[in-house]
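# pasting the structure only:
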């Protein structure tokens, strides 16, 4: 089975690596990092870069299409090649995974109209405009579509998908392998339960994401 | 403040990105990826590569020294330049973070003798030989030394450290930013509570790690 992670400038690294670390360790899984061109693709911090070694054009089909989020999602919505790539790969994928505001890409590509999805809590209204019913779950399945809430929810969503692919016993071993018995030091409340000031801070921070990353230069 | 993440061939990506995603978003934090040479450094899957843009030799001091684990740790124990780099940076760091079996590097470098640490549950006996008291916590502080259990524990350890650096209110906002309200789909048991067969599988898998990655070729 092949997992194709679509990269584009300005991703949030944990959106990718949380899901990757689970799915890449499924028995028989191969992973590819796919971008508009091969080479470095910089994360939203402009300090971390992943190497893409396949281009969108080189990948005509895949088993698992994986879309991360981040401040770069906004520009990606205007990228016709990205949208065509999502439509092409989703057409024959076994599973399509969207995490965080990466679910907006699925919306723009026209593949979640009438579907039920989850997404980053701060982006629900942006996803609803594409005709999806947006719930507040940490991960959700609608047919072959697996969606995750923000960032670290990629881990939970991928473990759930691993269970669907390989069975619960294998998924439990993967969970043990990444020692996922979380103990968040400051409680385990959902974003909807967070104080209004914290919610406002994050909404502001995320609304300025595209502007913020445009002002940061990668070191090389 | 500067966070220096030491890369070496064969790391486990979530050991790095779990902590990075928290600490890099602390106000005023800069992040650098540091390796024996600049360029791509491949993870244990041989499919994900991070770009290192500073060399060990170029980094003489840092504020936060960060050591990830992975199957590549074993070879790193024999790397005199790595050990000298750890000793040099730890000597003046404000914080030193070791995650997963990356704590073995701290042991070999001689900086945890007489200290209390945690580590990957399958590596406790390997860490004890360096004179450390090894506990079973998810994260632990001993002075300026922050250690984390395996892989995903890097998130919890980093949130705890973020609270020490910037206060609990900021750390809570970071936790909200990464939507860390985990809901592991297959329960939340610790490795010590896992079935013996699952424990044995992971111990075997991890004991063969160095051999496994030596047999895998990066795609480029």
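Ah, there it is. The structure displayed is predicted, hence computed values, not measured ones.

# do stretch A:36-48 and chain B meet?
Yes. Residues of stretch A:36-48 contacting chain B under C-beta under 8 Å from any C-beta of the partner chain: A:38, A:40, A:45, A:47, A:48. Bear in mind the C-beta positions are built from the backbone N, C-alpha and C, glycine included.

# can you tell if the stretch of helix or strand residue A:161 belongs to touches chain B?
Applying DSSP states H and E as the criterion places residue A:161 in helix A:153-166. Yes. Using C-beta under 8 Å from any C-beta, helix A:153-166 reaches chain B at A:153, A:155, A:156, A:159, A:160, A:163.

# And the residues of stretch A:36-48 next to chain B, which of them are buried?
A:38, A:40, A:45, A:47, A:48 (16 or more other C-beta atoms under 10 Å in any protein chain shown).

# all helices for chain A, in order.
A:13-23, A:73-76, A:80-92, A:102-108, A:124-128, A:153-166, A:168-177, A:196-207, A:209-215 (DSSP state H).

# so of the ones you listed, which one's packed in deepest?
Mean neighbour count (mean count of other C-beta atoms under 10 Å in any protein chain shown) peaks for helix A:13-23 among the helices of chain A, with a mean of 29.

# Low-confidence bits of chain A, can you list those?
For chain A, no stretch has pLDDT under 70.

# what sits against residue A:106?
A:67, A:86, A:90, A:96, A:98, A:112, A:117, A:130, A:145, A:147 (C-beta atoms under 8 Å, 6 or more residues apart in numbering or on different chains).

# Ok, residue A:51 next?
Per C-beta under 8 Å, 6+ apart, neighbours of residue A:51: A:33, A:39, A:40, A:41, B:40, B:48, B:49, B:50, B:51, B:220.

# of the residues you listed, closest to residue B:204?
Minimum distance to residue B:204 across those is 23.1 Å, recorded for residue B:48 (C-beta to C-beta).

# Tell me which residues touch that closest one, please.
A:17, A:20, A:24, A:31, A:33, A:50, A:51, B:13, B:42.

# Quick one: the residues you listed as TSV, columns for distance to residue A:125 too.
Converted to TSV, the contacts of residue B:48 look like this (distance: C-beta to C-beta, whole Å):
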residue	distance to residue A:125
A:17	27
A:20	28
A:24	33
A:31	33
A:33	31
A:50	30
A:51	35
B:13	32
B:42	40
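
# tally of neighbours for residue A:141?
Neighbour count of residue A:141, defined by other C-beta atoms under 10 Å in any protein chain shown: 17.

# For it, list each beta-bridge partner.
In this entry, residue A:141 is beta-bridged to residue A:146, by DSSP bridges.

# Pretty sure it sits against residue A:160.
Yes. Using C-beta atoms under 8 Å, residue A:141 makes contact with residue A:160 at a distance of 7.3 Å.

# need the contact list for residue A:70.
Per C-beta under 8 Å, 6+ apart, neighbours of residue A:70: A:10, A:11, A:12, A:15, A:43, A:44, A:100, A:101, A:102, A:209.

# change it to 6 Å
By C-beta atoms under 6 Å, 6 or more residues apart in numbering or on different chains, the contact list for residue A:70 reads A:10, A:11, A:12, A:44.

# Could you check how far it is from residue A:10?
Residue A:70 sits 5 Å away from residue A:10, going by C-beta to C-beta, to the nearest Å.

# so what sits against both of the two?
residue A:44.

# which residues touch residue A:97?
Contacts of residue A:97 by C-beta under 6 Å, 6+ apart are A:66, A:146.

# The same query, at a cut-off of 8 Å, please.
Residue A:97 neighbours (C-beta under 8 Å, 6+ apart): A:19, A:64, A:65, A:66, A:67, A:146, A:147, A:148, A:157, A:158, A:161.

# can you check residue A:160 too?
Taking C-beta under 8 Å, 6+ apart, one finds A:139, A:141, A:146, A:171, B:185 in contact with residue A:160.

# Who are the contact partners of the nearest residue to residue A:151 once chain neighbours are set aside?
Leaving aside its chain neighbours, residue A:151 sits nearest to residue B:178 (4.2 Å; criterion: C-beta to C-beta, 6 or more residues apart in numbering or on different chains). Residue B:178 makes contacts with A:14, A:150, A:151, A:152, B:21, B:22, B:25, B:155, as judged by C-beta under 8 Å, 6+ apart.

# okay, now the third one: neighbour count?
Residue A:151 is flanked by 26 other residues according to other C-beta under 10 Å.

# from what I can see it touches residue B:21, true?
Yes. The criterion here is C-beta under 8 Å, and residue A:151 meets it with residue B:21 at 6.8 Å.

# what touches both of these two?
Common contact partners of residue A:151 and residue B:21 (C-beta under 8 Å, 6+ apart): A:12, A:14, B:178.

# Now do the contacts for the nearest residue to the second one once chain neighbours are set aside.
What that stands for is residue A:14. Distances taken as C-beta to C-beta, 6+ apart place residue B:21 nearest to residue A:14, at 3.9 Å, with adjacent residues excluded. Applying C-beta under 8 Å, 6+ apart to residue B:21 gives the contacts A:12, A:13, A:14, A:151, A:152, B:155, B:158, B:178.

# Can you report phi and psi for the residue lying closest to the first one once chain neighbours are set aside?
Nearest residue to residue A:12, sequence neighbours excluded (C-beta to C-beta, 6+ apart): residue A:70, at 3.7 Å. Dihedral pair for residue A:70: phi 140, psi 170, per degrees, to the nearest 10.

# Please tell me how far residue A:70 sits from residue A:214.
For residue A:70, the distance to residue A:214 - C-beta to C-beta - is 13 Å.

# Check residue A:156 too.
31 Å.

# Please apply the same query to residue A:198.
From residue A:198 to residue A:214 the distance is 25 Å (C-beta to C-beta).

# Please identify which of the shared contacts of residue A:151 and residue B:21 is nearest to residue B:108.
Using C-beta to C-beta, the shared contacts of residue A:151 and residue B:21 come closest to residue B:108 at residue A:14, 28.8 Å.

# This completes my enquiry, with thanks.
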